[in-house]
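Asker: predicted coordinates and the sequence they were generated for:
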Amino acid sequence: MIEVQSISKHYQHGGKTIAALDNVSLQIASGEIYGIIGRSGAGKSTLIRCLNLLERPDSGHVSLHGDDITRLDERALQQRRQRIGMVFQHFNLLRSRTVAANVRFPLELAGGQSPAQMDARVDELLALVGLKDHKHKRPSQLSGGQKQRVGIARALANHPDLLLCDEATSALDPETTDAILALLADINRQLGLTIVLITHDMRVIRQLCDSVAVLDHGRVVEQGEVLDVFLAPQHAVTQSLLAETGMGQGALQGIWRQRVATPVIKLTFVGEPTLQPVLDKVGREVGLRVNLLSGTLSEIKDTPFGQLLAGVVASDVDVSALPAIFAREGVRCEVL
Amino acid sequence: MLDFDWNLLLEIDWVEIGEATLDTLTMLGVSMLFTVLAGLPLGVLLFISAPGQLRARPRLYAVLSFLVNVLRSLPFVILLIVLMPFTLLLVGTSIGVAGAIVPLVVGAVPFFARLVENVLREVDRGVIEASQSMGARLPHIVFKVLLPESLPGLVGAATVTAVALVGYTAMSGVIGGGGLGDLAIRYGYQRFQTEIMIVTVVLLLALVQGLQSAGDSLVRRCRFD
């Protein structure tokens, strides 16, 4: 369990004090993938750096598995950091070292291993990230995706109990992004490793994360399980972030309500019902005929979900009775 | 120059030219060695103590930076003379090749250190941050990150310094330091022996060219791509 207890961080800029983080608290369960999303300048970069104290908060505490790392002295903190992996947007590999030597670097820092042991561990890690054949290359000879794989192998070298990803896929093209996200998901499953990532991209959250916190102007404005936040975003920032990736419906609802005279219902399918002909079944039962206005069908992590907006053209029962009828089929229905 | 009698070249005392060349190479080699030994640590210290850097010590940095600036702003000829008592104390003589090496080092160290500081500033901050995130201590960062990552730049800085030192050695004649530059001034300029002037200039030119291309090829060899 990782606990961030009301941390704040301020910067002086041009005589003014700017709050990068304003009383932020988070609870991250062991083994989960926790996403922090926000626009640039929201403070997410500062927040993730507070988890290994690359940035020290002005106040508040950060505990990893019960140990308050803000109380550690420099030497102890350096040792603790050896078991906190970090992956960076721009990879930050040593240009002067080969792929293998880059992965070996954190092992050298930790010490206590013979060269043969280190080499064996490097081979193991390169196999894990699928870079065995590129062992002797320099970073400059690799593609972006390959560089990030080296970064991930390096971050895992000392068997970390926490992996921090600082916009790990933001410098990559969509295809490579998918491959790196799949690798991270794999590592999370295989090693049971807790991953905390920051991103500005809702797709990363959707594909990878279990929980999410939305950061805006240094404050957490919304947090919870990804499914809940996606299906019922509460805060305006969350809604607009979702809308940008084509996953929000807030704006759409407004438009349809103005143009469509009939009552409008919103149906939300999560999991199994997504794959069933629920609308058709209910339609036959209660003589419901609808005019479909918009719909999405997608997946959040491994859970399929769908949302439909429909104008009710005809119905044998009163529209207000529909939520209960759909609820029997495991589908949430709201009358808008 | 047009009515220069080229036959004069045949009458040159080549032994003296040879000795002068050796003197220049000795002064250059020894002072370069000490310049790197003292300048590299000083450059690293300047870099890490600068405000906002790894071990920011703004006061220390201000003092070091001021000293470096003072030494760099003194013309080398002045430095040669001002340092004479210090040189005598340090190496037992203030004249000749040995006497010239101390002021050469004192003149070149601040120059090289400042170049080193600038080269180290070019190291990607992200790479330093990444090493910190892995628990690297300061010595790790200096020896495993800063110096290896900036090796091509450091070799380039050493080359520039060596070429500057060649220029400085020419002035060491003032304190009887000898060398090619001294020869050029004493025979070529003061005694109007143009042939000596030509030969020494050609040799100095060859030396500088040689240093520069050796440095360039080293830089190419230790680049990372």
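Answerer: Yes, it's here.
Asker: least trustworthy helix or strand in chain A by mean pLDDT?
Answerer: helix A:250-259 (a mean of 61; mean pLDDT, DSSP states H and E).
Asker: just after that helix, pick out the following helix or strand.
Answerer: strand A:264-270 (DSSP states H and E).
Asker: which residues are in contact with the strand or helix carrying A:Ala324?
Answerer: Assigned by DSSP H and E, A:Ala324 falls within helix A:322-328. Helix A:322-328 is contacted from outside by A:265, A:267, A:278, A:282, A:285-286, A:288, A:312, A:315, A:317, A:332-335, using Cβ atoms under 8 Å, 6 or more residues apart in numbering or on different chains. Yep, even glycine has a C-beta here, placed from its N, CA and C like the rest.
Asker: where in the stretch 201-336 of chain A is pLDDT low?
Answerer: Low-confidence segments of the stretch 201-336 of chain A (pLDDT under 70): A:246-258.
Asker: circling back to that earlier point, the helix holding A:Ala324: which residues count as buried?
Answerer: Across helix A:322-328, burial judged by 16 or more other Cβ atoms under 10 Å in any protein chain shown covers A:Leu322, A:Ile325, A:Phe326.
Asker: for A:Arg97, state which of these is nearest.
Answerer: Taking Cβ to Cβ as the measure, A:Arg97 sits nearest to A:Phe326 out of the buried residues of helix A:322-328, at 59.0 Å.
Asker: for chain B, which residues are neighbours of chain A?
Answerer: Selection of chain B residues close to chain A by Cβ under 8 Å from any Cβ of the partner chain yields B:124, B:126-127, B:129-137, B:140, B:144-145, B:148-149, B:151, B:224-225.
Asker: sec struct for residue 223, please.
Answerer: No chain specified, so I'll use chain A. strand (DSSP: H, G, I helix; E, B strand; the rest coil).
Asker: lowest-scoring secondary structure element of chain B by mean pLDDT?
Answerer: For chain B, judged by mean pLDDT, DSSP H and E, that is helix B:180-183, with a mean of 83.
Asker: what does it contact?
Answerer: Residues from elsewhere that reach helix B:180-183 (Cβ under 8 Å, 6+ apart): B:16-17, B:20-21, B:23-24, B:169-173, B:196, B:200, B:203-204, B:207.
Asker: kindly report the same for stretch B:17-28.
Answerer: Contacts to stretch B:17-28, defined as Cβ under 8 Å, 6+ apart, come from residues B:97, B:100-101, B:104, B:162, B:165-166, B:169, B:172, B:177-183, B:196, B:199-200, B:203-204, B:207.
Asker: show me where the chain has its helices.
Answerer: Chain wasn't specified; assuming chain A. With DSSP state H as the criterion, chain A has helices at A:44-50, A:74-81, A:99-110, A:115-128, A:144-156, A:174-191, A:202-208, A:226-231, A:236-244, A:250-259, A:278-286, A:322-328.
Asker: oops, I was thinking of chain B
Answerer: Counting by DSSP H, one finds helices in chain B at the ranges B:14-49, B:58-73, B:76-82, B:84-91, B:96-121, B:125-133, B:138-140, B:147-149, B:151-171, B:180-183, B:194-221.
Asker: just say which of these is most tucked in.
Answerer: helix B:180-183 (a mean of 26; mean count of other Cβ atoms under 10 Å in any protein chain shown).
Asker: out of the contacts of helix B:180-183, which is nearest to chain A?
Answerer: Of all the contacts of helix B:180-183, B:Leu207 has the smallest distance to chain A: 30.5 Å, by Cβ to the nearest Cβ.
Asker: tell me which parts of the stretch 1-150 of chain A are close to chain B?
Answerer: By Cβ under 8 Å from any Cβ, the residues of the stretch 1-150 of chain A that approach chain B are A:52, A:54, A:75, A:78-82, A:84, A:86, A:88, A:90, A:92-97, A:105-106, A:108-110, A:138-141.
Asker: could you rerun that using 7 Å?
Answerer: Within the stretch 1-150 of chain A, the residues that sit near chain B (Cβ under 7 Å from any Cβ of the partner chain) are A:52, A:54, A:78-79, A:81-82, A:86, A:88, A:90, A:92, A:94-96, A:106, A:109, A:138, A:140.
Asker: distance of the residue positioned nearest the centre of chain B relative to B:Val44?
Answerer: Per Cα atoms, centre = their mean, the C-alpha nearest to the average position across chain B is that of B:Thr161, at 3.6 Å. Per Cβ to Cβ, to the nearest Å, B:Thr161 is found 16 Å from B:Val44.
Asker: dump stretch B:73-92 to PDB, keeping only the CA atoms.
Answerer: C-alpha atoms of stretch B:73-92 as PDB (Å, rounded to 0.1, in the frame of the first residue of the first chain):
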ATOM      1  CA  SER B  73      41.600  37.800 -17.600                       C
ATOM      2  CA  LEU B  74      45.400  38.200 -16.800                       C
ATOM      3  CA  PRO B  75      47.500  38.300 -20.000                       C
ATOM      4  CA  PHE B  76      49.800  35.300 -19.900                       C
ATOM      5  CA  VAL B  77      53.000  37.500 -20.100                       C
ATOM      6  CA  ILE B  78      51.900  39.200 -16.900                       C
ATOM      7  CA  LEU B  79      51.100  35.900 -15.200                       C
ATOM      8  CA  LEU B  80      54.600  34.700 -16.100                       C
ATOM      9  CA  ILE B  81      56.200  37.500 -14.200                       C
ATOM     10  CA  VAL B  82      53.800  37.800 -11.300                       C
ATOM     11  CA  LEU B  83      54.200  34.100 -10.600                       C
ATOM     12  CA  MET B  84      58.000  34.000 -10.500                       C
ATOM     13  CA  PRO B  85      58.300  34.000  -6.600                       C
ATOM     14  CA  PHE B  86      55.600  31.300  -6.400                       C
ATOM     15  CA  THR B  87      57.400  29.200  -9.100                       C
ATOM     16  CA  LEU B  88      60.700  29.500  -7.300                       C
ATOM     17  CA  LEU B  89      59.100  28.200  -4.100                       C
ATOM     18  CA  LEU B  90      57.400  25.300  -5.900                       C
ATOM     19  CA  VAL B  91      60.000  23.900  -8.300                       C
ATOM     20  CA  GLY B  92      63.200  25.600  -7.000                       C
END
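Asker: name the residues that touch it?
Answerer: The contact list for stretch B:73-92, computed with Cβ atoms under 7 Å, 6 or more residues apart in numbering or on different chains, reads B:Ser94, B:Ala98, B:Gly99, B:Val102, B:Pro103, B:Val106, B:Gly107, B:Tyr168, B:Met171, B:Ser172, B:Val174, B:Ile175.
Asker: change it to 6 Å
Answerer: The contact list for stretch B:73-92, computed with Cβ atoms under 6 Å, 6 or more residues apart in numbering or on different chains, reads B:Ser94, B:Ala98, B:Gly99, B:Val102, B:Pro103, B:Gly107, B:Tyr168, B:Met171, B:Val174, B:Ile175.
Asker: how about stretch A:78-87?
Answerer: Under the contact criterion Cβ under 6 Å, 6+ apart, stretch A:78-87 has outside partners A:52, A:69, A:110, A:151-152, A:155-156, A:158, A:160-165, A:168, B:133, B:135, B:137.
Asker: same thing but at 8 Å, please
Answerer: With contacts defined as Cβ under 8 Å, 6+ apart, stretch A:78-87 is touched by A:51-53, A:64, A:67, A:69, A:72, A:106, A:109-110, A:148, A:151-152, A:154-166, A:168, B:130, B:132-137.
Asker: mark which of those residues are buried, thanks.
Answerer: Judged by 16+ other Cβ under 10 Å, buried ones among the contacts of stretch A:78-87: A:51-53, A:64, A:69, A:106, A:109-110, A:148, A:151-152, A:154-158, A:160-166, A:168, B:130, B:132-136.
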